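Q: need coordinates for the below:
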Amino acid sequence: MESEARTLEMVFPEHTNPLGNAFGGFVLGLMDKVGSYAAARRAQKPVVTVAVGRVEFKVPIRAGDLLEVVARVERVGRTSLTVQVEVFKERFGGGAATRALATHGELVYVAIDERGRPTRVDG
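A: As a prediction, this is how the structure comes out:
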């Protein structure tokens, strides 16, 4: 079963604070979205976020950066899935693009049934 998801997102000025750095909530929202895609692919069911573990912002993300968000299911429990999410930033200009790990963290999701109750994850 597929247990990875990824996407690209451009950082625009409306995603940044007055210092020009991306809002943490903007980055966390991307991490949660892509993490839920990976969890739902693996569970083959809808999932909801139940916990956000330690998230580390390693380097600033600025307007104009291209973000690649990569999520991988690391653990599968009876109803839960733990997903590691990494956010890489790329900056263009001045020759070659530079790529760096900007943020990483762990999120936990629970698979739910049609009534919104936790349900077993197969396999």
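Q: distance of residue 92 from residue 64?
A: Using CB to CB, to the nearest Å, residue 92 is found at 8 Å from residue 64. Every residue, glycine included, has its C-beta placed from N, CA and C.
Q: so for these two, which residue has more residues nearby?
A: residue 64 (16 against 11; other CB atoms under 10 Å).
Q: name all residues that make contact with that one.
A: 10, 11, 91, 92 (CB atoms under 8 Å, 6 or more residues apart in numbering).
Q: buried set for stretch 52-59?
A: Buried residues in stretch 52-59, counted by 16 or more other CB atoms under 10 Å: 55, 57.
Q: average pLDDT for that stretch?
A: Mean pLDDT, stretch 52-59: 96.
Q: just want the most central residue of the protein.
A: residue 31 (2.1 Å; CA atoms, centre = their mean).
Q: list the contacts of that one.
A: Applying CB under 8 Å, 6+ apart, the residues near residue 31 are 55, 69, 71, 85, 87, 103, 105, 107.
Q: roughly how far apart are it and residue 18?
A: According to CB to CB, residue 31 and residue 18 sit 23 Å apart.
Q: flag the shaky bits of this protein, pLDDT-wise.
A: 93-97, 123 (pLDDT under 70).
Q: gap between the longest strand that it contains and the chain center?
A: Secondary structure of the chain per DSSP state E: the longest strand is strand 98-111. Relative to the centre of its chain, strand 98-111 is centred 5 Å away, using CA atoms, centre = their mean, to the nearest Å.
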